[in-house]
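Here you go, sequence then predicted model.
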Amino acid sequence: SQQGEEDPQALSIQEGENATMNCSYKTSINNLQWYRQNSGRGLVHLILIRSNEREKHSGRLRVTLDTSKKSSSLLITASRAADTASYFCATERQTSGSRLTFGEGTQLTVNP
Amino acid sequence: DGGITQSPKYLFRKEGQNVTLSCEQNLNHDAMYWYRQDPGQGLRLIYYSQIVNDFQKGDIAEGYSVSREKKESFPLTVTSAQKNPTAFYLCASSILAGGPSSYNEQFFGPGTRLTVL
């Protein structure tokens, strides 16, 4: 079964607004990663947060991790139409070696 | 899509045929992975390989086979035993082969869309 579950499944906002996506997981992890996928394309790595970190920033992206609640959030600030894509969280479990387990994704639509 | 390529971009298969999807990387990565993605869904792991001449089953390996004869190449064969092969197939690679403190960002190819006629 999928380790990560994203919420919401779909999100539609206006340009300039912030977008927040959440991810929950079930087992202990080494790290959690967020990826982006444009329609019909491969995934692109956005940001990784290790299990001993609580918050990380990269440009307009902010990721938080709460290991006690087994959850993470991805915040995209000042969204742009070009941010329209699917966003996936992926977890590297402590017992899985190099494997990642992906969630179902959040489809983000940013309207101009 | 970085230094990882997949071919072909589109592939059509008749029922009962085996087909092989190509995945090549020039990133000198140890680990390679094959995923299947169905419409509106996440990625499911088919097979992965952490070193040449070795590979492990993922969550949905039935009906698929792989080989890892070279570090750069990890072809996936979709056999006639796979009952519902129509899907988008993604190959990925990562620099480290795992371990308790591994950093495992995966780099993805552009994907192959397989359709069974």
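Good, I have the coordinates.

Identify all contacting residues around the helix or strand of chain A with the lowest mean pLDDT.
Taking mean pLDDT, DSSP states H and E as the measure, the helix or strand of chain A with the lowest value is strand A:5-7, at a mean of 82. Identification of contacts with strand A:5-7 by C-beta atoms under 8 Å, 6 or more residues apart in numbering or on different chains yields A:Met21, A:Asn22, A:Cys23, A:Ser24, A:Tyr25, A:Tyr87, A:Phe88, A:Cys89, A:Gly103, A:Glu104, A:Gly105, A:Thr106. Backbone N, C-alpha and C define where each C-beta goes, glycine included.

Hmm, A:Asp66 is touching A:Glu53, no?
No: applying C-beta atoms under 8 Å as the test, A:Asp66 and A:Glu53 come out as separate, 11.0 Å apart.

just to revisit the earlier point, let me know the closest of the contacts of strand A:5-7 to B:Gln6.
B:Gln6 has its nearest neighbour among those in A:Phe88, at 18.4 Å by C-beta to C-beta.

Number of residues surrounding that closest one?
By other C-beta atoms under 10 Å in any protein chain shown, the residues close to A:Phe88 number 26.

host element of A:Val44?
strand A:43-50 (DSSP states H and E).

Number of residues surrounding A:Gly103?
Counted by other C-beta under 10 Å, the residues lying close to A:Gly103 total 27.

Oh, that last question was meant for A:Ala82, not what I typed.
Other residues near A:Ala82 number 10, with proximity taken as other C-beta under 10 Å.

ok, and the closest non-adjacent residue to it?
Nearest non-adjacent residue to A:Ala82, counting by C-beta to C-beta, 6 or more residues apart in numbering or on different chains: A:Val110, 7.8 Å away.
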